[in-house]
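Engineer: Build me a structure from this.
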Amino acid sequence: MFEISDDYLAAGPLLDTALSAVEGIRHVQHVNDLAEIDKPAHTPCLFYVYYGDQLAETAHAGANVQLKQTWLVILAERKGSKSAGQNLAATIRAVAGKMTGPAGPWQRVNTPIKPRYTSGFGFYPLAFTCQMRFKGAL
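Structural biologist: Model prediction:
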């Protein structure tokens, strides 16, 4: 199980590794806010953002915690693209059930947001969790 040491968001770069392997994707980028993905320069592209965590039962007065972090992955495609479905399938295949370094396996979960469409783009969200351990002060 992946253990968080100094960086609580250390799973992000590991997720980036898996997303960067998706064939046909031109750009992968971490964002801090979904509003940052309004007009992507290069499509198809994948954005990922930390969405939160879910705590399991704790031990040692909460000093040792097992948790699941949820990360959203958003595929951005130009309007009229015929490859969105294929790129979604390739992204799921690249992440779901995979280990990325010490993290994983990544599990696909229900996406908490719906697809969004603007005048020029379609944004297709996926969500993945990764189980981790965090040790606090004892």
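Engineer: which parts of the one helix or strand in the chain whose mean pLDDT sits lowest are buried?
Structural biologist: When each helix and strand of the chain is scored by mean pLDDT, DSSP states H and E, strand 2-4 comes last, with a mean of 83. Across strand 2-4, burial judged by 16 or more other Cβ atoms under 10 Å covers 2, 4. Every C-beta, even on glycine, is put in place using the N, C-alpha and C of the backbone.
Engineer: Return the list of helices and strands in contact with the following helix or strand past it.
Structural biologist: Sequence order places helix 11-20 as the next helix or strand after strand 2-4, per DSSP states H and E. Applying 3 or more Cβ pairs under 8 Å, 6 or more residues apart in numbering; DSSP states H and E, we find helix 11-20 packed against strand 27-30, strand 45-59, strand 64-78, helix 84-95, strand 121-135.
Engineer: Can you tell me which of those has the worst average pLDDT?
Structural biologist: Among those, strand 45-59 carries the lowest mean pLDDT, a mean of 86.
Engineer: so how far is it off the chain centroid?
Structural biologist: Centroid separation for strand 45-59 versus its chain: 9 Å, with Cα atoms, centre = their mean, to the nearest Å.
Engineer: Give me the nearest residue to Tyr8, chain neighbours excluded.
Structural biologist: Using Cβ to Cβ, 6 or more residues apart in numbering and skipping residues adjacent in sequence, the residue nearest Tyr8 is Phe134, 7.5 Å away.
Engineer: Who is the one you found paired with across the strands?
Structural biologist: Bridge pairing for Phe134 (DSSP bridges) gives the partners Ile4, Val65.
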